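Novice: Need coordinates for the following:
(one chain, ligands or ions: 1)
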Amino acid sequence: MKIDEITNVAEFEEIAKKKLPKMVYDYYASGAEDQWTLKENRNAFSRILFRPRILVDVSKIDITTNVLGFKIAMPIMIAPTAMQKMAHPEGENATARAASAAGTIMALTTLTTSSIEEVASTGPGIRFFSVHMFKDRNVAAQLVRRAERAGFKAIVLTVDAPILGHREADIKNRFTLPPHLTLKNFEDVHLGKIDETNDSGLASYVAGQMDRSLSWKDVKWLQTITSLPILLKGVITAEDTRIAIQSGASGIIVSNHGARQLDYVPATITALEEVVKAAQGKVPVFMDGGIRRGTDVFKALALGASAVFIGRPVVFALAAAGEAGVRKVLDMLRDEFELTMALNGCRSLREITRDHIVTEWDRPRIAPAPRL
Ligand SMILES: Cc1cc2nc3c(=O)[nH]c(=O)nc-3n(C[C@H](O)[C@H](O)[C@H](O)COP(=O)(O)O)c2cc1C
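Specialist: Numbering: from 1, shown residues only. Got it, this is the predicted structure:
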């Protein structure tokens, strides 16, 4: 299929599935254990319906927004996803260029196949760095400083992965990073004593360095080593939202790691409103998980998200068509979102309200009122 024949985000996944080795496709696509949350991240969107307002003049629609003071072209950003060169030889560099061309933000993970500096050198763009905390806090400190020097604008701390989720496809496939690739951010980091004679030595060192002791203390510690704003990614309860704000987080990303960590947590779109209410407007709340349509973006904003992130659509588009593929995904989501706004009678993000949707946890508002 040619790229201009693609009409929606889901089609990229079909192409990626045909193109990628099974081990790589499964790594990108799968979730934890029974994958209940993986399916629910998508299905929950289909249970939220619109209450569109009619006869609003929608000849002009503004979908631009501000994230941590940075103006972006649309409320759709790129989530951190690991090892993108398995999808395409240009990997994270292609994603960075596509994000920049679309006028949006890319979050780069620690576990990349292009280094922080390489990604920065692709050109201008607003980028966040998603740091993984290792047992040796010096490694995290070095990475954060490199991201600061390379012009990254915020730190994303992933708080839902003190230990890797149980992804059975990866276990069955004996997933490893293909031998021609390395975890680039670690090449110049002083790692102490490891077997540096081969890449799998590096990969297993990194896996072994995941730190189960990660706690709220580390959120405070991170603030002592960087002046960049810190977003906590992986909050899904009101309780943790309140602690996150007290601990100095500048924003929250409601996320279940694309359903790759704890199975049977709710879909993020159903957890979002609880977090938004607990945040009381003190910090912006973002969300990711299952966003595949412009209508999904609208629903997230109606429930109080400031903007959303997308994960898998980027790696699948990268596999299918490199930078042009990622650009196309961003363009399609932007166009669908703008259309959804128009058909709901909204001309700016501020005009998207909770009354534009009805959820299963609302009183049934679409049913006729009972006769008394
Ligand atoms: C292949 C893959 C790798 C990921 N790697 C990371 C990572 O290194 N750090 C992180 O915080 N989240 C990671 N995530 C989670 C994403 O940032 C994001 O939360 C999730 O993909 C959003 O759901 P979606 O894929 O349905 O859009 C990864 C997700 C996928 C699919």
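Novice: quick one: secondary structure of the residue lying closest to Ile76 once chain neighbours are set aside?
Specialist: Leaving aside its sequence neighbours, Ile76 sits nearest to Leu333 (Cβ to Cβ, 6 or more residues apart in numbering; 5.3 Å). To be clear about C-beta, it is placed using only N, CA and C from the backbone, and glycine gets the same treatment. Going by DSSP: H, G, I helix; E, B strand; the rest coil, the secondary structure assigned to Leu333 is helix.
Novice: burial of Leu333, as a residue count?
Specialist: By other Cβ atoms under 10 Å, the residues close to Leu333 number 24.
Novice: OK, contacts around it?
Specialist: Contacts for Leu333 (Cβ atoms under 8 Å, 6 or more residues apart in numbering) come out as Val9, Met74, Ile76, Ile291, Arg293, Gly294, Val297, Ile310, Pro313.
Novice: what do you get if the cut-off is 10 Å, keeping everything else the same?
Specialist: For Leu333, the contact set (Cβ atoms under 10 Å, 6 or more residues apart in numbering) comprises 8-9, 74, 76, 102, 291-294, 296-297, 308, 310, 313.
Novice: burial of the nearest residue to Gly304 once chain neighbours are set aside, as a residue count?
Specialist: Of all residues not flanking Gly304 in the chain, Val276 sits nearest, at 3.2 Å (Cβ to Cβ, 6+ apart). Around Val276 there are 22 other residues, counting by other Cβ under 10 Å.
Novice: Past the helix or strand in which Val276 is found, which element shows up next along the chain?
Specialist: Remark: Val276 resides in helix 268-279, with elements defined by DSSP states H and E. The helix or strand immediately downstream of helix 268-279 is strand 285-288, counting by DSSP H and E.
Novice: who does the following helix or strand past that following strand touch, helix- and strand-wise?
Specialist: Heading C-terminal from strand 285-288, the first helix or strand you meet, by DSSP H and E, is helix 294-302. Here helix 294-302 touches helix 36-46, strand 49-50, strand 76-78, helix 268-279, strand 285-288, strand 307-310, helix 312-344, strand 357-358, going by 3 or more Cβ pairs under 10 Å, 6 or more residues apart in numbering; DSSP states H and E.
Novice: ok, back up a step: just the buried ones among the contacts of Leu333, please.
Specialist: Neighbour-count burial (16 or more other Cβ atoms under 10 Å) applied to those gives 9, 74, 76, 102, 291-294, 296-297, 308, 310, 313.
Novice: could you pick out which of the residues you listed are near the ligand?
Specialist: Filtering these for proximity to the ligand by Cβ under 6 Å from any ligand atom leaves Ile291, Ile310.
Novice: Let's have the buried ones among the contacts of Leu333 in a markdown table, adding pLDDT.
Specialist: Converted to a markdown table, those look like this (pLDDT from 0 to 100):
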| residue | pLDDT |
| --- | --- |
| Val9 | 98 |
| Met74 | 98 |
| Ile76 | 98 |
| Ala102 | 98 |
| Ile291 | 98 |
| Arg292 | 98 |
| Arg293 | 98 |
| Gly294 | 98 |
| Asp296 | 98 |
| Val297 | 99 |
| Val308 | 99 |
| Ile310 | 98 |
| Pro313 | 98 |
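Novice: isn't there a strand covering Gly234?
Specialist: Yes: looking at Gly234 with three-state DSSP, it is inside a strand.
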